[in-house]
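[1] 3D model of this:
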Amino acid sequence: TPPPPLDEHVFERVPPTVVKRLATRFSLGAFAGRFEETPLGAVREAVGEGTIQQQGDAAGSINWLCYKRAQHRLWLVSSEIGGPDHLVTEIVEELTEKDTETSTDCAIIPEKFAPFVFDGKLHLGMSRQEVITALGPPSKSEAAQMSYSHEGKLADGFDETAWLILGFRDDKLVSMRGGKATTN
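    Down below sits the predicted model:
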């Protein structure tokens, strides 16, 4: 199962208001990774499960790992920006309404790799207020979704764009999608 499609138009309506860097690192239990530095293969090796899958070609190509645990579904994605090493450029985690065990194309992630955490503080199950306390005010907020957007220049002169799209149900964080792109 490929990651859920992203509505590219969502970024047109979200101003980059976040000053501090976003989507720089992630962890699966004790395993720590960094966006645009950690290859999908390193995640797969650490977890000991999963198959790197691929879809599309050229600039539209993506590679991903998919994992599941009870009602959690997690995709680690490498877009063309991830290069030939398939560096992680985007991560999606969702809490589904029902158990996802019926799907056979996502490996079951061992319990020791839970929880999945963005930037050392963001994880599913948090309340809207806990997210705001951790990250500050969102760039855009709607009833069931908050978006955070950051653009900045790095010390080496490269441009960095990072974003988080957070979904809520009954005031609880039930989906997270975040990514980062560094360009010159």
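
[2] Now do the same for Val19: helix, strand or coil?
    The three-state label given to Val19 by DSSP: H, G, I helix; E, B strand; the rest coil is coil.

[3] list the contacts for it?
    Applying C-beta atoms under 8 Å, 6 or more residues apart in numbering, we find Val19 in contact with His150, Gly152. C-betas here are computed from N, CA, C, even on glycine.

[4] Got the phi and psi for it?
    In this entry, Val19 is assigned phi and psi values of phi -80, psi -40 (degrees, to the nearest 10).

[5] going forward, begin numbering at 43 instead of 1
    Sure thing, new numbering starts at 43, so read that last one as Val61.

[6] Enumerate every residue touching the residue nearest to the spatial centre of the chain.
    Averaging the C-alpha coordinates of the chain gives a centre point, and the residue nearest to it by C-alpha atoms, centre = their mean is Ile133 (2.2 Å). By C-beta under 8 Å, 6+ apart, the contact set of Ile133 is 65, 68, 77, 116-119, 158, 160, 218-221.

[7] Look at it and give its secondary structure.
    Recorded secondary structure, Ile133: strand (three-state DSSP).

[8] Looking at the contacts of Ile133, spot the one nearest Thr138.
    Leu116 (11.3 Å; C-beta to C-beta).

[9] Just the contacts of Ile133: which are in strands?
    Helix and strand membership here follows DSSP state E; of those, those in strands are Phe68, Leu116, Trp117, Leu118, Val119, Phe158, Phe160, Met218, Arg219, Gly220, Gly221.

[10] Report the separation between the residue nearest to the fourth one when sequence neighbours are not counted and Arg170.
    Closest residue to Leu118 in three dimensions, ignoring its sequence neighbours and counting by C-beta to C-beta, 6 or more residues apart in numbering: Leu107, at 4.7 Å. As defined by C-beta to C-beta, to the nearest Å, Leu107 lies at a distance of 29 Å from Arg170.

[11] quick one, which of these two is more surrounded?
    The residue with more neighbours, out of Leu107 and Arg170, is Leu107; 26 against 15, by other C-beta atoms under 10 Å.

[12] Verify the contact between the more buried one and Glu87 for me.
    No: counting by C-beta atoms under 8 Å, no contact exists between Leu107 and Glu87, whose distance comes to 10.8 Å.

[13] Per-residue pLDDT of Val61, please?
    In the predicted model, Val61 carries a pLDDT score of 89.

[14] And for the one 5 residues further on?
    What the model reports for Thr66 is a pLDDT of 93.

[15] Need phi/psi at the nearest residue to Thr138 once chain neighbours are set aside.
    Among residues not flanking Thr138 along the chain, Gln113 sits closest, at 5.0 Å (C-beta to C-beta, 6+ apart). The phi and psi torsions at Gln113 (degrees, to the nearest 10) take the values phi -90, psi 0.

[16] Gln113 - how many residues pack around it?
    15.

[17] for the nearest residue to Gln187 once chain neighbours are set aside, helix, strand, or coil?
    On the basis of C-beta to C-beta, 6+ apart, the spatially nearest residue to Gln187 that is not a chain neighbour turns out to be Gly209, at 5.5 Å. Here Gly209 is strand, with the state taken from three-state DSSP.
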